[in-house]
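1. Sequence plus predicted model, see below.
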Amino acid sequence: MATSLSRYLVEQQRAKHHIPPELRLLLEVVARACKGISHAVNKGALGGVLGSAQSENVQGEVQKKLDIIANEVLIEANEWGGHLAAMASEEMDSIYVVPNRYPQGEYLLLFDPLDGSSNIDVNVSIGTIFSVLKKPESAEKVSEADFLQAGQAQVAAGYCVYGPQTTLVLTVGDGVAMFTLDREQGSFVLTEENVRIPEDTREFAINMSNMRHWDKPVTDYITECLAGKDGPRGKDFNMRWVASMVADVHRILTRGGIFMYPWDKRDPDKPGKLRLMYEANPMSWLIEQAGGMATNGRERILDIQPTQLHQRVSVCLGSKNEVARFTAMHQSEA
Ligand code: AHM
Ligand code: MG
């Protein structure tokens with residue numbers, strides 16, 4: 001018989017003692033919210049959810065209607081359960097503290113409600129990314145500072161990709177599991193366990209249009225890949241770029257590859273495009289749990305001590321040997 005997400009989580013709690021009951025319930029609620037978002041995404045133009053919301057988020061990016069809908073679905077689903085103290089989102093300037101009328105729990109939830117916003121209106125895969133932290137014990141009144149924990153402190157992380165199928169991918173520190181949404185049953189069903197990323201790959205993902213702005217180690221690495229069989233790598237590479245991190249990471253977890261969104265000279269004071277706490281950290285933990293590697297070119301992403309909720313970071317993640325090579329090329333430059 002197929003294993004549902006609920007059963008998988010109960011096993012993680014009871015038999016494996018990986019998660020306490022409160023975290024299990026929290027993850028069930030996140031999954032339920034993802035089902036709701038999947039439903040809205042599926043309706044598309046019929047649900048009147050496409051297009052711009054005529055507003056900007058804290059990072060100055062124009063919000064799409066679905067960015068805001070997904071954010072609301074996640075907040076409304078999670079605020080009353082009693083498991084959370086506060087939430088943080090790409091779409092909110094500051095943290096959302098659970099209102100006084102509900103009990104406050106011990107966990108902090110961070111999310112990018114709808115990643116890959118530029119793909120919403122063109123019917124290409126998008127997704128929700130989430131990360132769960134424990135509220136520090138000393139904290140009485142929860143504050144933004146409580147969220148500033150390195151990625152290695154995460155107690156759960158995952159994403160839900162809304163593509164040809166809706167797939168929820170999760171880690172609680174016991175490997176990576178994938179669940180496919182069965183729309184007839186209305187539940188997520190375990191379809192892949194112990195996901196492993198091949199250590200080698202011939203497929204890279206980077207936005208090549210930024211090439212003239214890259215730092216030398218990035219240019220050197222990609223130049224080697226492009227030289228293919230005739231170059232120092234002695235093999236041909238293929239390229240993919242969906243422009244939805246969830247979809248690119250999902251491909252890498254499924255068949256290997258390397259994904260890069262490095263710092264570049266367009267905006268030299270910005271450390272990168274992607275956000276550390278609700279994009280890079282959860283994805284990096286998933287990748288490491290599947291045997292891959294994730295760095296900012298110089299250090300392990302999960303070791304970075306955040307100083308700001310919305311801080312950005314350079315990202316390189318995926319098949320171990322390629323990420324190691326990319327990172328070594330940066331280190332030899334230093
Ligand atoms: P978003 O969270 O506003 O959607 O931005 C993040 C997305 C990633 O999913 C993707 O890897 C990247 O931005 C694509 O950026 P670009 O359009 O510069 O290629
Ligand atoms: Mg995003």
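-> Sure thing, it's come through. Ligands and ions are numbered 1, 2, ... in the order given.

2. I figured His18 hits Val172, correct?
-> Yes. The criterion here is Cβ atoms under 8 Å, and His18 meets it with Val172 at 5.2 Å. C-beta here means a position set from N, CA and C on the backbone, and glycine is covered the same way.

3. okay, and the common contacts of these two?
-> Common neighbours of His18 and Val172, using Cβ atoms under 8 Å, 6 or more residues apart in numbering, are Gln12.

4. so what's Met208 up against?
-> Ile222, Met239, Trp241.

5. Compare His18 and Val172 and say which one has the larger neighbour count.
-> Val172 (24 against 17; other Cβ atoms under 10 Å).

6. Please list the residues of the stretch 201-334 of the chain that sit near ligand 1.
-> Neighbours of ligand 1 within the stretch 201-334 of the chain, by Cβ under 6 Å from any ligand atom: Asn207, Ala243, Ser244, Met245, Tyr261, Lys273.

7. correct me, but the first one touches Tyr261?
-> Yes. The pair Asn207 / Tyr261 is scored as a contact, 7.3 Å apart, by Cβ under 8 Å.

8. Where does the protein get nearest to ligand 2, which residue?
-> Asp115 (3.6 Å; Cβ to the ion).

9. Next, work out how far apart that residue and Val10 are.
-> For Asp115, the distance to Val10 (Cβ to Cβ, to the nearest Å) stands at 29 Å.

10. Looking at those two, which has the bigger crowd around it?
-> Between Asp115 and Val10, counted using other Cβ under 10 Å, Asp115 has the larger neighbour count: 29 against 15.

11. all strands for the stretch 101-250 of the chain, in order.
-> Using DSSP state E, counting those that start in this stretch, the strands of the stretch 101-250 of the chain run over residues 107-115, 126-134, 156-162, 166-171, 176-182, 187-192, 203-205, 238-239.

12. For those strands, could you give me a markdown table that also reports mean pLDDT and distance to Gly228?
-> A markdown table is the format used below for those (pLDDT from 0 to 100; distance: least, Cβ to Cβ, whole Å):
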| stretch | mean pLDDT | distance to Gly228 |
| --- | --- | --- |
| strand 107-115 | 97 | 31 |
| strand 126-134 | 98 | 31 |
| strand 156-162 | 98 | 30 |
| strand 166-171 | 98 | 31 |
| strand 176-182 | 98 | 31 |
| strand 187-192 | 98 | 31 |
| strand 203-205 | 98 | 12 |
| strand 238-239 | 98 | 10 |
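
13. Out of the contacts of Met208, the closest to Asn78 would be?
-> Closest to Asn78 out of those is Trp241 (32.0 Å), distances taken as Cβ to Cβ.

14. Show the contacting residues for the closest one.
-> Ala205, Ile206, Asn207, Met208, Asp248.

15. The same query, at a cut-off of 10 Å, please.
-> Counting by Cβ atoms under 10 Å, 6 or more residues apart in numbering, Trp241 makes contact with Phe204, Ala205, Ile206, Asn207, Met208, Ser209, Ala247, Asp248, Phe259, Met260.

16. Quickly note the distance from it to Arg251.
-> Distance, Trp241 to Arg251, using Cβ to Cβ: 10 Å.

17. what is in contact with these two at once?
-> With Cβ under 10 Å, 6+ apart, Trp241 and Arg251 have common neighbours Ala205, Phe259.

18. Can you tell me which residue of the stretch 151-300 of the chain sits closest to ligand 1?
-> Of all residues in the stretch 151-300 of the chain, the one sitting closest to ligand 1 is Met245 (3.4 Å; Cβ to the nearest ligand atom).

19. So that residue is in contact with Met283, correct?
-> Yes. Applying Cβ atoms under 10 Å, one finds Met245 in contact with Met283, separated by 6.7 Å.

20. the more surrounded of these two?
-> The neighbour count for Met245 versus Met283, taken as other Cβ under 10 Å, is higher for Met283 (31 against 25).

21. Could you double-check that that one lies in contact with Met277?
-> No. The pair Met283 / Met277 is not scored as a contact, 11.4 Å apart, by Cβ under 10 Å.

22. Overlap in contacts, the two.
-> Shared contacts of Met283 and Met277 (Cβ under 10 Å, 6+ apart): Ser131, Gly151.

23. Could you tell me which residues make contact with the residue of the stretch 151-300 of the chain closest to ligand 1?
-> Taking Cβ under 10 Å, 6+ apart, we find Met245 in contact with 112, 115-116, 126-127, 129, 159, 205, 259, 261, 273-274, 279-280, 283, 315, 317.

24. Same question for Val313.
-> By Cβ under 10 Å, 6+ apart, the neighbours of Val313 are 151, 261, 263, 270-277, 279-281, 284, 296-297, 301, 304, 306.

25. Let me see the confidence value for Pro103.
-> If you check Pro103, the pLDDT there is 94.

26. Tell me which residues touch the nearest residue to it once chain neighbours are set aside, please.
-> Of all residues not flanking Pro103 in the chain, Gly82 sits nearest, at 4.1 Å (Cβ to Cβ, 6 or more residues apart in numbering). With contact taken as Cβ under 10 Å, 6+ apart, Gly82 is in contact with Glu22, Leu25, Leu26, Val98, Tyr102, Pro103, Gln104, Gly105, Glu106.

27. Return a ChimeraX selection command for the buried portion of these.
-> Of the contacts of Gly82, the buried ones can be selected in ChimeraX as follows, counting by 16 or more other Cβ atoms under 10 Å:
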select :22,25,26,98,104,105,106
